[in-house]
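J.: Sharing a model that was predicted from the sequence below.
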Amino acid sequence: MIPLDQLRRHVDAHPYPLLFATVSGAHLYGFPSPDSDFDLRGVHLLPLEEVVGLDPGPKTVEREGIFDGIELDLVTHEAKKFFDMLLQRNGYVLEQLFSPLVVWTTPEHEELRRIGQKCITQHHAHHYLGFAERQWKLFQKETPPRVKPLLYTYRVLLTGIHLMRTGEVEANLQMLNAQAKLSYLDELIERKQSGPERGKLPLADLEFHQREYTWLMAELECAADKSPLPAQTNAKADLNRLLLKIRLGRMSNRLD
């Protein structure tokens, strides 16, 4: 259960106006543990003087800690920085933008989601391939191996495959597995959700998961090669117009 009302109170305390704020991390991925914190991600808007003046405002605002009994990790990027990242092969910002777990939204958020669909390209596969490789190396380093990095590996690979095939950003592993039908994932998710005492794996499972990892990496590469997605984004002009609209609109409101 996500305490949206409490999360909104912390969003309200942000030092800058927000374009949007959504839930990311394990709650978005569909396998939070009892002790999982809440990862909030979003976009903030600097006042004009902190954009064009000699004392620029922060491009990233971070806040973490325990507030009202909730462990919270809040990270927001300034609009221009976030828009620039959308034009790169950055799966993180896509997942934040399209997260269905919305804590704060605006009409501009909805407009950004429409433009963001045009930012998705075949080259986002490189993000997911690299992310999966890093998570797999983390999984292999630990003895006994932990469930968390293994689940992250599978989540990333299935998200990437689904994105390449459909153009749809889906980060929830349970939703993804409804199509993939990998029977072992339900048991891994249950282990992760049960808490740290069941968060380890028998060493005997390593060879099996090595084969699955290798197969899914190949599936993602194949999905990218056959993807109907464009090779390049054509969203830069639309993002520029939206950013100018936001900046000029805020300036007009201050002058009224």
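T.: Arrived safely.
J.: And the residue nearest the centre of the protein?
T.: Glu95 (3.5 Å; CA atoms, centre = their mean).
J.: Quick check, that residue in contact with Ser24.
T.: Yes - between Glu95 and Ser24 a contact is recorded at 6.5 Å, counting by CB atoms under 8 Å. All C-beta spots, glycine's among them, are computed from the backbone N, C-alpha and C.
J.: Dihedrals phi and psi, Phe67?
T.: Here is the backbone geometry of Phe67 (degrees, to the nearest 10): phi -130, psi 120.
J.: what sits against it?
T.: His10 (CB atoms under 8 Å, 6 or more residues apart in numbering).
J.: and it, how far is that from Leu40?
T.: Taking CB to CB, to the nearest Å as the measure, Phe67 falls 11 Å from Leu40.
J.: can you list residues touching both of the two?
T.: Residues touching both Phe67 and Leu40 (CB under 8 Å, 6+ apart): His10.
J.: Does the residue nearest to the centre of the chain lie in a helix or a strand, and which?
T.: Taking DSSP states H and E as the definition, Glu95 sits inside helix 91-98.
J.: what are the pairing partners of the next helix or strand after that helix, and which direction each?
T.: Next in sequence after helix 91-98, counting helices and strands by DSSP H and E, comes strand 102-104. Applying DSSP bridges, strand 102-104 is found paired with strand 18-24 (antiparallel).
J.: and the helix or strand where Leu220 lies, what does it pack onto?
T.: Per DSSP H and E: Leu220 is located in helix 206-226. With contacts taken as 3 or more CB pairs under 8 Å, 6 or more residues apart in numbering; DSSP states H and E, helix 206-226 sits against helix 124-141, helix 147-166.
J.: which parts of the last one are buried?
T.: What it means is helix 147-166. 147-165 (16 or more other CB atoms under 10 Å).
J.: residues contacting Ser36?
T.: 25-27.
J.: can those residues go into TSV with extra columns for neighbour count?
T.: Below are these laid out as TSV (neighbours: other CB atoms under 10 Å):
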residue	neighbour count
Gly25	18
Ala26	21
His27	19
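J.: Closest to Thr76 out of those?
T.: Gly25 (14.6 Å; CB to CB).
J.: Setting aside sequence-adjacent positions, which residue approaches that closest one most closely?
T.: Nearest residue to Gly25, sequence neighbours excluded (CB to CB, 6 or more residues apart in numbering): Asp39, at 3.2 Å.
J.: so that neighbour makes contact with Thr22?
T.: No - using CB under 8 Å, Asp39 makes no contact with Thr22, being 9.4 Å away.
J.: Between those two, which contacts overlap?
T.: Counting by CB under 8 Å, 6+ apart, the residues touching both Asp39 and Thr22 are Leu28.
J.: how much space between Ala21 and Leu40?
T.: Distance of Ala21 to Leu40, computed by CB to CB: 5 Å.
J.: do Leu87 as well
T.: In terms of CB to CB, Leu87 sits 23 Å off from Leu40.
J.: same thing with Lys148?
T.: From Lys148 to Leu40 the distance is 20 Å (CB to CB).
J.: quick check, nearest of the contacts of Ser36 to Leu54?
T.: Among these, and counting by CB to CB, the member closest to Leu54 is Gly25, at 36.4 Å.
J.: Who are the contact partners of the closest one?
T.: Contacts of Gly25 by CB under 8 Å, 6+ apart are 32, 36-39, 73.
J.: Can you add distance to Cys222, pLDDT and secondary structure and give those residues back as CSV?
T.: Shown next, in CSV, are the contacts of Gly25 (distance: CB to CB, whole Å; pLDDT from 0 to 100; DSSP: H, G, I helix; E, B strand; the rest coil):
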residue, distance to Cys222, pLDDT, secondary structure
Pro32, 31, 92, coil
Ser36, 33, 87, coil
Asp37, 36, 92, coil
Phe38, 36, 95, strand
Asp39, 31, 96, strand
Asp73, 35, 94, strand
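J.: on that earlier part again, okay, and the common contacts of Ala21 and Leu40?
T.: With CB under 8 Å, 6+ apart, Ala21 and Leu40 have common neighbours 7, 11, 74, 103.
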